[in-house]
Every structure is written in structure tokens, then in C-alpha cells.
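Participant: coords below, sequence missing:
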């Protein structure tokens, strides 16, 4: 809860590396408790217990093809020129049980996924029979000509081929992607126990702020930070609780902070003048313990972090983002995202990172780690990086144009065109692939 552009060294700030700041922040977060949810609503959440199969998948031997269930010995030597004729004694569709037994000289018409009838040990695809010729001639098919021989087990999917009864299908800690949701659905799970999503209270501060939809006025700016941060919280699995705007007075600040103390985390973004800074610091101190840091990064050097005391005795972690909109988003990507994922029980907390080639230089004139907004494309199998233009931390459109953050290390004053650079991917688009 500090304002980009002002130096607060006289408040006893600590200068931290990005890694030190992240370690300190994450030490205050724990995995949240479980909840039971309808399966589809749990997408992106983490299992709190192993999922084991109550039965085989598939539950019975079944056909991999539309065709005819036969005894392989009957069709040995069959060919197009010398087909073997079998008597058709029935038909079985997926979802139905066969009522006849395949004996020597007989066959049952079978659909893909249907259970294999007793007596049969192979399936002949209908394309390898004279079925189409017989249909063209009209009348009921009571016999079928098999034009190719098959071996025992051909085109039969055995029971339990995918999953066997009692097998651990998904381990505790698994993140539910669409494929995991499908697996659980195939086991019959309508509900699933997962780590609950964190509720993240989001608050902007400043007399100059307007909510989107309000009439624009001179000297005012619209409150973009709450919306970009809330959208980021949603994107990474949290549940945003929008607190709106706290004005630059004690009553407003106290009231808004108290509204956020039932959340799992509070995120604020500054919008206060230097003259009001002591008031903001004092209000935060009344509710808990807050430290103000300078982090060796650009943008997003100023950061606040601490804990606030909730009425029920809980300690609510508070992350104070810089006020400039790009700084707020970059800081959230480094710190807020990881905190949300830790609370959700996820173990992969780092942003996906690739190595790419710079198409233009990155300058670093103050010994901080630079997160340059960049457009990453793939050309002839190599990732290339082009900056989005002016890197001012007040230019939110520079973030909107970016699909990655190119990282210049603290100890490098300039990265040249052609240098290899690490890039945190914000998005993966068709252009990148």
C-alpha cells in the first residue's frame, strides 16, 4: 500500500530481492481446508484425497469396432476370394447385454463399446465382411461372409484395460484439468473433495478514483487496479471479493479494511498522495503488522506485506501492491499468483518460463531486475522477443499488448539484440506455437 514514484526509505524500508520477498510472503500462507463440490465446478482445484476406482473400466470385455463377434477358429483361412459364411444369430448394441452365445459357425452383429458375447473371442470389422453387398441386395441379414481371418483377441478391449478395481487413479494433490474431470466422471464421481478456493479481498485507495460507469470528472481517474487484480485472482483460481475504494480518511480506510478481514487474503493498491502516506501506514498498523519493502525489480519496486488481525482471531495476510497499474499487475504475477496457488494446494508456483532471443535491447540503468513487457513469437522453431514499446509503469496498454515478461537480471546493464533472455509467459497464443 505504497505509492509508485515516492521514496519511503525514511520509513525504514527493507531492500529485498524478488526471491527473498517471495519467500517471506509465502511463509505466511498455508494450504486451505477441503470442500466437496460438484465435479465440473472443481475444475482447476486440487484433490484432498486419493481417488480409487470402485470397478473396472471398461467393466466388461467390449468391442473396439462395429462388426461381428466370432470364434477366431471359424474364420481361419478366410479371404476375399474364399469368404467364410457364418450364421448371424443376434445383435448387441453399446449399453446392452448380449442374450445369445456365439458357438461354432455363428456370429453376432456388435457395435463399438458393446460387451463381447460369451463364446466369442474376436471381432471382425464389418468392412472385412460382405455386409454392404447384402444390404444393397435388400432383406434381413441372416448370414454373413467373412472375407479376412482374425486372431483370437482381435479388436476386443479387455475389462479393466484402462482402470482396474481398487486402483489409485488420481493421487491426492492432483490438479483437476479437463482430463482428470473426465476420469473422475468415468468412475461415477458426481462430487469430489478438493482444496477450497481462497477468497481474496481487493481494495483500492484514493480520493481521485472513480468506479467504471461513474461520470468522468476533471482530476479523476477510473479504478482499473481493482478490476485487473480481481480478474487475475479469478484467472488463477481465487474468488475475488471487491471492496471498492477507500477514501483518504480514517473512517473510510478503517471501514473498508474491516470488510476484508473475513477473506483469506487482502490485496490493496495505492492511490494516496505522499502527504497521506502516514495516515495509511497508521491505519494498517492499527489492524496488524505491516512492513514496507523496496524490491529490486522494475516495475513494482514498492511493496507492502504483513498480517491483519481478524475479529475471529485469524491472521489475514495483506499484500499491498504499487499504485501504478502495470506495477500492480507485475507485482501480482510475482507474488499474488504464487500465494493463491499455495493456498489452493498447488506445488508448481513459478510462472511458465521459456528461453528466447531478443530482437531489440533491454536497458537496465538502476540495478534492478527488469520485467519488460514483450510480445513473444515463434519463428523457425525459435522464440523471439519484441518489446511492446514505452515501458512506463503507468501505461496499462503496454501490458495489454504483452504475452510475456522478458527478464533482465539485476547485474546486467544492457541486453543486446540477439542475446538469449528468460521470459515469463503470461499467455500462450497460436502465434507462439
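Facilitator: Nice, I can see it. Please read these numbers as outputs of a predicted model, since none were measured by experiment.

Participant: residue ranges for the strands of the stretch 101-250 of the chain, please.
Facilitator: Taking DSSP state E, counting those that start in this stretch as the criterion, the stretch 101-250 of the chain carries its strands at 106-110, 122-125, 143-146, 156-157, 168-170, 191-195, 199-205, 209-210, 221-222, 239-246.

Participant: mind putting these in CSV, mean pLDDT, distance to residue 339 and mean neighbour count included?
Facilitator: Backbone N, C-alpha and C define where each C-beta goes, glycine included. Output for these, formatted as CSV (pLDDT from 0 to 100; distance: least, Cβ to Cβ, whole Å; neighbours: other Cβ atoms under 10 Å):
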stretch, mean pLDDT, distance to residue 339, mean neighbour count
strand 106-110, 98, 55, 26
strand 122-125, 98, 54, 25
strand 143-146, 97, 65, 19
strand 156-157, 96, 45, 19
strand 168-170, 94, 25, 17
strand 191-195, 98, 14, 20
strand 199-205, 94, 9, 25
strand 209-210, 90, 25, 18
strand 221-222, 90, 27, 14
strand 239-246, 96, 14, 19
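
Participant: closest to residue 342 out of those strands?
Facilitator: Nearest to residue 342 among the strands of the stretch 101-250 of the chain is strand 191-195; the distance by Cβ to Cβ comes to 10.3 Å.

Participant: check the offset of that closest one from the chain's centre.
Facilitator: Taking the mean of its C-alpha atoms, strand 191-195 sits 16 Å from the chain's own mean (Cα atoms, centre = their mean, to the nearest Å).

Participant: now swap in stretch 28-48 and tell me
Facilitator: Shown here is stretch 28-48, whose average C-alpha point lies 13 Å from the average C-alpha point of the whole chain (Cα atoms, centre = their mean).

Participant: just use 21 as the starting number from now, easier for me
Facilitator: Okay, residue one is now 21; in that scheme the one you just asked about reads as stretch 48-68.

Participant: what mean pLDDT does that stretch have?
Facilitator: Mean pLDDT, stretch 48-68: 98.

Participant: between the two ends of that stretch, what distance do you get?
Facilitator: With Cα to Cα, to the nearest Å applied, stretch 48-68 spans 21 Å between its terminal residues.

Participant: list the buried ones in it?
Facilitator: By neighbour count, with 16 or more other Cβ atoms under 10 Å as the criterion, the buried positions of stretch 48-68 are 48-49, 51-52, 54, 57, 59, 62, 64-68.

Participant: would you mind giving those as CSV with secondary structure added?
Facilitator: CSV is the format used below for the buried residues of stretch 48-68 (DSSP: H, G, I helix; E, B strand; the rest coil):
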residue, secondary structure
48, coil
49, coil
51, coil
52, coil
54, strand
57, strand
59, helix
62, helix
64, coil
65, coil
66, strand
67, strand
68, coil
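
Participant: which one among those residues gets closest to residue 74?
Facilitator: For the buried residues of stretch 48-68, the minimum distance to residue 74 (Cβ to Cβ) is 15.2 Å, reached by residue 59.

Participant: gap between that closest one and residue 186?
Facilitator: Applying Cβ to Cβ, to the nearest Å, one obtains 21 Å for the distance of residue 59 from residue 186.

Participant: repeat that for residue 166.
Facilitator: Shown here: residue 166 relative to residue 186, a distance of 39 Å by Cβ to Cβ.

Participant: sorry, back to before: between the strands of the stretch 121-270 of the chain, which gets nearest to residue 73?
Facilitator: In this view, those are compared for proximity to residue 73 by Cβ to Cβ, and strand 188-190 is the closest at 5.4 Å.

Participant: could you spell out the sheet neighbours of the closest one, each with its direction?
Facilitator: The strands that strand 188-190 pairs with in its sheet are strand 71-72 (antiparallel) (by DSSP bridges).
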